[in-house]
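Chemist: Sequence and predicted structure, then a few things I'm wondering about:
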Amino acid sequence: MLLSTFLISSMLGVSAHAELKLSSSSISSKKQIDNKFVANGFGCSGQNISPELHWSGAPKDTKYYAITLYDQDAPTGSGWWHWLIINIPVNSFTIPEGASSNESTLPTGAIQTKNDGGQYGYFGPCPPRGDKTHHYTLRLVALKDKIPLTKDVSGAMVGFYINSLKLEEAILRFNFER
């Protein structure tokens, strides 16, 4: 399996810990994602299985993590939130493949909020047929505190809290077109 890792250094400057790293055995920036990770809806016939993710290198003051999957190229004028998980406990370092549809495999206390399709959990890539290549960003954020939200909030509200509580982030990018 291809393992891809992409990093963004601490936005706080040089730190004494290892850099936060986000990796996946399910997806890679070097090839088209497998159909099993593509949405099943909006004209797509994928299996809508969420990818495996794992990470390391959290900053010292990390209390929780958040994960988002965002498509900046969605023809909405504001992008598209595909997946948002908040309040992942600091002692968690992985999300198993398919966890979005089997919440018992998510870390205890983690909350999947609504995606822009109006569903809770993962909604795989599904750009319009014949549209340009879409660029997807999987983002892991180390947080200094718990996000005080429930699962019924918008992606914009989740993004606001993530950015206000962010210690450091790691990014994994991939592209998809159909």
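Modeler: In hand now; what should we look at? Residues are numbered from 1 along each chain as shown.
Chemist: for P75, what are its contacts?
Modeler: With contact taken as CB atoms under 8 Å, 6 or more residues apart in numbering, P75 is in contact with P128, D131. Using the backbone N, CA and C atoms, a C-beta is placed for each residue, glycine as well.
Chemist: ah, wrong one, I meant R178
Modeler: Per CB under 8 Å, 6+ apart, neighbours of R178: C44, C126, P127, R129.
Chemist: repeat that with 10 Å
Modeler: 32, 35, 38, 43-44, 46, 125-131, 133-134 (CB atoms under 10 Å, 6 or more residues apart in numbering).
Chemist: tell me which of the residues you listed is nearest to D61?
Modeler: Checking the contacts of R178 against D61 with CB to CB, the nearest one is P125 at 33.5 Å.
Chemist: which residue packs closest to the closest one, ignoring adjacent ones?
Modeler: F176 (4.3 Å; CB to CB, 6 or more residues apart in numbering).
Chemist: count of neighbours near the one you found?
Modeler: 19 (other CB atoms under 10 Å).
Chemist: Low-confidence ranges, this protein, go.
Modeler: 1-17 (pLDDT under 70).
Chemist: In it, mark out all the strands, start to finish.
Modeler: Using DSSP state E, the strands of the chain run over residues 4-6, 21-24, 40-41, 44-45, 53-56, 64-71, 80-89, 94-95, 111-112, 134-143, 166-176.
Chemist: returning to what we had before: please, a PyMOL command that selects the buried ones among the contacts of R178?
Modeler: To isolate the buried ones among the contacts of R178 in PyMOL, judged by 16 or more other CB atoms under 10 Å, type:
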select buried, resi 38+44+46+125+126+127+134
